[in-house]
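Peer 1: here is a sequence with its predicted model. Questions after.
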Amino acid sequence: MFVVQLMFVSLFVHQVMSSGSGRHSLWAFATYISGTTPFPEFSAVLMLDDVQVGYFDSKIDRLVRVGGQGVEGAELNLGQEAVFILRDIFSSMRKRLEMVKHRFNMTTAGVHVQQRMTGCEVLEDGQPALIMFRDGSNGQDADSLMYNMTHFTYAGGDGWEIQWSAVKRMHFQMLYSNIYLPFCARALNHLLDREKNLVRRRVRPRVRFITKQVVGGARVTCLATDFYPRHINLTLLRDSTPVDEDELTGGSVLPNGNGLYQVRKSLMVSDEELQRKHNYTCVTSHLSLDNRLEVSWRAEFSRSHRIYIISAPAGLTLAAVLLMVLLWWRRRSEGVAMETQEQQERLSVNKETDSESAGLHLSRFVPDSRGQC
């Protein structure tokens, strides 16, 4: 029931993950579906920074607690105003999808999806920074609105823009600045106070180099793992000079499966580069660190860095030679074993013969009953 639905588009996730480390955010990921599906018509997931804290859908019609502190499924105590706002989002998204379907002649039966990311950010001192929404229709970017206390901007996607009159623009600016932003900031600060042990924690990254032999050289990977929050700066140096990002692969911050994060950057180092014996340094900057964390690795060229590929004919020849050697060794071992067994049998026969001879010689000197030999 509380699983984040598959329909969230990547642009939403990218936007929420790009928030600065000196801010905290509260976002509602909302989905409206028209058509027959096993999902609720409307659902919304509430995220405090990158932690899911609440859930709402049109079937249960209430905001319940998910994750964090407290009882799972209990009422999320943000007041009835939060439910009214979610219902209003439900209504506006339904109207927006109908407008989009009419404008672009989406009259065919089937499933159509309207998505929205809406929420706010506050600074570390709790002051509101901005509030925004961003809409998508059937997986494509539609339009967005942002109000950051001094500027109010509206942008439409390519070919998806819906013209706003000056009156409508003023109406939304007053709505967002006087109602939505103050409420969102209050809710965010309340949740931050309740979940401070979770979202305000600082977990130091563990950084190390991983090297793997490959054809023609080696792959060098700088890995930082088990850190929180997710904002991190990872730089790979070659002899104190930053490696060009075009030479690197990776770099995306990924969840670690335990509430923490990981990131890696990899570099292919050729045999020629290994011969130069460069010094590589992984430099990490993170909120949990007072200073930069540096881990170094020096390239050492040796035969162990090379991987030779044997051709098929050469491989068959080598296998045949090994088989002949194995057969020869087996026959030699069997011959030695048979020779040893024959020697042991001859030795046993000789011992028995010597015993019998000794018995005959002794019997000549045994006295008879009369005491005569």
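Peer 2: Structure received.
Peer 1: can you show me the helices along this structure?
Peer 2: Using DSSP state H, the helices assigned to the chain run over residues 10-17, 80-103, 166-175, 181-194, 196-199, 271-276, 312-363.
Peer 1: what's the least confident stretch among these?
Peer 2: Ranked on mean pLDDT, the bottom entry among the helices of the chain is helix 10-17, at a mean of 43.
Peer 1: for the residue nearest the centre of the chain, give the beta-bridge partners.
Peer 2: Note on the chain: the residue nearest the mean C-alpha position is Leu254, at 3.9 Å, using C-alpha atoms, centre = their mean. On the basis of DSSP bridges, Leu254 is bridged to Gln262.
Peer 1: cross-check the contact I'm expecting between Leu223 and Thr211.
Peer 2: No - look at Leu223 against Thr211 with C-beta atoms under 8 Å: they stay out of range, at 11.1 Å. Bear in mind the C-beta positions are built from the backbone N, C-alpha and C, glycine included.
Peer 1: so the two - more neighbours on which side?
Peer 2: Applying other C-beta atoms under 10 Å to Leu223 and Thr211 shows that Leu223 carries more neighbours, namely 19 against 15.
Peer 1: excluding sequence neighbours, find me the nearest residue to the more buried one.
Peer 2: Once flanking residues are discounted, Leu223 sits nearest to Arg264: 4.5 Å by C-beta to C-beta, 6 or more residues apart in numbering.
Peer 1: what's near enough to touch the residue nearest to the centre of the chain?
Peer 2: Residues in contact with Leu254 (C-beta atoms under 8 Å, 6 or more residues apart in numbering) are 261-263.
Peer 1: need the contact list for Thr36.
Peer 2: When contacts are counted by C-beta under 8 Å, 6+ apart, Thr36 touches Val111.
Peer 1: next: Pro205.
Peer 2: So Pro205 contacts 224-227, 232, 284, 286, 288-289, 293 (C-beta under 8 Å, 6+ apart).
Peer 1: His190: which of those residues is nearest?
Peer 2: Lowest distance from His190 to the contacts of Pro205 (C-beta to C-beta) belongs to Ser288, with 25.5 Å.
Peer 1: mind listing the residues bridging to the residue lying closest to Thr235 once chain neighbours are set aside?
Peer 2: Leaving out its chain neighbours, the residue that sits closest to Thr235 by C-beta to C-beta, 6+ apart is Val283, at 4.5 Å. Counting by DSSP bridges, Val283 forms beta bridges with Thr235, Glu294.
Peer 1: use 43 as the first number from now on
Peer 2: Happy to do that; since the first residue is 43 now, the last one works out to Val325.
Peer 1: what's the burial count for Val325?
Peer 2: Around Val325 there are 17 residues (other C-beta under 10 Å).
Peer 1: can you give me the neighbour number for the closest residue to Ser312 other than its chain neighbours?
Peer 2: Excluding the flanking residues, the one nearest Ser312 by C-beta to C-beta, 6+ apart is Gly259, at 4.2 Å. Neighbour count of Gly259, defined by other C-beta under 10 Å: 19.
Peer 1: low-confidence ranges, the stretch 143-292 of the chain, go.
Peer 2: The model of the stretch 143-292 of the chain has pLDDT under 70 over residues 149-150, 199-206.
Peer 1: this protein - how does it break down into domains?
Peer 2: With domains defined by automatic domain parsing, the chain comprises 52-241, 248-347.
Peer 1: want to throw those domains into TSV with distance to Ala362?
Peer 2: Below are those laid out as TSV (distance: least, C-beta to C-beta, whole Å):
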stretch	distance to Ala362
domain 52-241	55
domain 248-347	26
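Peer 1: out of those domains, the one nearest Arg374 is which?
Peer 2: When the domains of the chain are compared by C-beta to C-beta, domain 248-347 sits nearest Arg374, at 32.7 Å.
Peer 1: and that closest one, how far from the chain's centre?
Peer 2: 16 Å (C-alpha atoms, centre = their mean, to the nearest Å).
Peer 1: quick check, the residue nearest to Leu265 in contact with Cys264.
Peer 2: Yes - Arg306 is in contact with Cys264 according to C-beta under 8 Å; the separation is 6.6 Å.
Peer 1: who's more crowded, these two?
Peer 2: Neighbour tally, Arg306 and Cys264, criterion other C-beta under 10 Å: the higher count belongs to Cys264, 27 against 19.
Peer 1: apart from its neighbours in sequence, what residue is nearest that one?
Peer 2: The shortest distance from Cys264 to any non-neighbouring residue, by C-beta to C-beta, 6+ apart, is to Cys324 (3.6 Å).
Peer 1: one step back: from Leu128, how far out is the residue nearest to Thr277?
Peer 2: Applying C-beta to C-beta, to the nearest Å, one obtains 44 Å for the distance of Val325 from Leu128.
Peer 1: over to Ala341?
Peer 2: Ala341 is 56 Å from Leu128, where distance means C-beta to C-beta.
Peer 1: between those two, which has more neighbouring residues?
Peer 2: Leu128 (24 against 19).
Peer 1: contact partners for the more buried one?
Peer 2: 70, 72, 86, 98, 105.
Peer 1: quick one: which of those sit in strands?
Peer 2: Among the contacts of Leu128, the ones falling in strands (DSSP state E) are 70, 72, 86, 98.
Peer 1: counting neighbours, what do you get for Asn180?
Peer 2: Counted by other C-beta under 10 Å, the residues lying close to Asn180 total 17.
Peer 1: am I right that it is in contact with Val153?
Peer 2: No - using C-beta under 8 Å, Asn180 makes no contact with Val153, being 9.1 Å away.
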